[in-house]
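Chemist: 3D model of this:
(one chain, ligands or ions: 1)
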Amino acid sequence: MLLTILGGCGAWPGAGQACSGYLVEHDGFRLLVDPGYATVPRLLERITADQVDAVFISHGHPDHCADLNPLLRARALRDDPAVPLPVYSLPSALDAVLALDRPGMLTDAYVLHEFNAGDRLAIGPFRAQTRLLPHSVPNAGIRLTAGERVLTYTGDTGPSSDVVDLARGADLLLAEATFVDRVPQDSRRHLSSARQAGRQAKEADARHLLLTHLQPGTDATAARAAAGAEYDGEIGIATSGLTIDLS
Ligand SMILES: [Zn+2]
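Modeler: Down below sits the predicted model:
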């Protein structure tokens, strides 16, 4: 299983950066997880739009799904449109982004597979276990398994034992860490710190931890140190262009 980070900014893309976007490949199948703001230009530096085989979206906040629109446009607005793209999301999560263009314009460009959090999915060679994790809108964390490797991605979430369950023994925990250490009071139930991500990686006995969704301007070294105070494994920061081979 190969993971390529297209972007890892939380909330908005910093200069030259992109928001959440993760390309996960196995056996030639390309799954795009969370096409957040500005991820499509990074994607198109690597592959063509029609080479994406499926999309999984954790929740409907635009920093996780806005670039579904340019991806669908790039597949549809050509002489030989690509095959309809399977898109997996929670019910109604994509209503806003799918309504950006005039009705019908992109209808043939995708097939929407709405699932309920807790469902198990089969997406190409990936087996996916989903879990509702606490956020300000419904958010599905995902545990992806392929070729005996496991990647767990939180989407956006407050601290939860469900994160630990989903990441149990994972080869990599890709964890939202909007803040370094202190989470503002009004966000405590819905977002996490790098320190909390480290604590949960330890509890889950995950092999590696990759911190993502750092708010632009966050000190990455401080985030890594905060997570490292709780977790002894290898810790990285999700930045555009980073590739991790889990095999
Ligand atoms: Zn969010």
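
Chemist: pLDDT averaged over stretch 155-163, what's the number?
Modeler: In this model, stretch 155-163 has a mean pLDDT of 97.

Chemist: surely Tyr22 touches Leu32?
Modeler: Yes: when contacts are counted by C-beta atoms under 8 Å, Tyr22 is listed as touching Leu32 (7.4 Å). Every residue, glycine included, has its C-beta placed from N, CA and C.

Chemist: neighbour-wise, which of the two wins?
Modeler: Taking other C-beta atoms under 10 Å, Tyr22 and Leu32 do not tie; Leu32 has more neighbours (28 against 24).

Chemist: near the ion, which residues of this protein are found?
Modeler: 61, 156 (C-beta under 5 Å from the ion).

Chemist: low-confidence stretches in the chain?
Modeler: The chain contains no residues with pLDDT under 70.

Chemist: now the strands for it?
Modeler: Using DSSP state E, the strands of the chain run over residues 2-7, 21-26, 29-33, 54-56, 85-89, 110-114, 120-123, 126-133, 139-146, 149-153, 172-176, 208-212, 234-237, 243-245.

Chemist: from the contact counts, what lies against the last one?
Modeler: If you count contacts as 3 or more C-beta pairs under 8 Å, 6 or more residues apart in numbering; DSSP states H and E, strand 243-245 packs onto strand 2-7.

Chemist: with just CA atoms, put the longest helix along the chain into CSV.
Modeler: For the chain, the helix with the greatest residue count under DSSP state H is helix 194-204. Presented in CSV, the C-alpha positions along helix 194-204 are these (Å, rounded to 0.1, in the frame of the first residue of the first chain):
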residue,chain,number,x,y,z
ALA,A,194,-0.8,16.6,18.2
ARG,A,195,-0.4,15.5,21.8
GLN,A,196,-3.8,13.7,21.8
ALA,A,197,-3.0,12.1,18.5
GLY,A,198,0.2,10.8,20.1
ARG,A,199,-1.7,9.4,23.1
GLN,A,200,-4.2,7.6,20.8
ALA,A,201,-1.4,6.2,18.6
LYS,A,202,0.2,4.8,21.7
GLU,A,203,-3.1,3.3,23.0
ALA,A,204,-3.8,1.8,19.6
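
Chemist: who's in contact with that helix?
Modeler: Where contact means C-beta atoms under 8 Å, 6 or more residues apart in numbering, the residues beyond helix 194-204 that reach it are 152, 159, 163-170, 173, 175-177, 179-181, 183, 209, 211, 214, 222-224, 226-233, 235.

Chemist: then stretch 118-134?
Modeler: Contacts for stretch 118-134 (C-beta under 8 Å, 6+ apart): 24, 26-27, 29, 31, 53-54, 56, 86, 88, 113, 115, 117, 138-147, 154-158, 160, 162-163, 165-166, 189-190.

Chemist: so who does the residue lying farthest from the centre of the chain touch?
Modeler: Using C-alpha atoms, centre = their mean, the residue of the chain lying farthest from its centre is Asp79. It sits 31.0 Å away. Asp79 makes contact with no residue under the criterion C-beta under 8 Å, 6+ apart.
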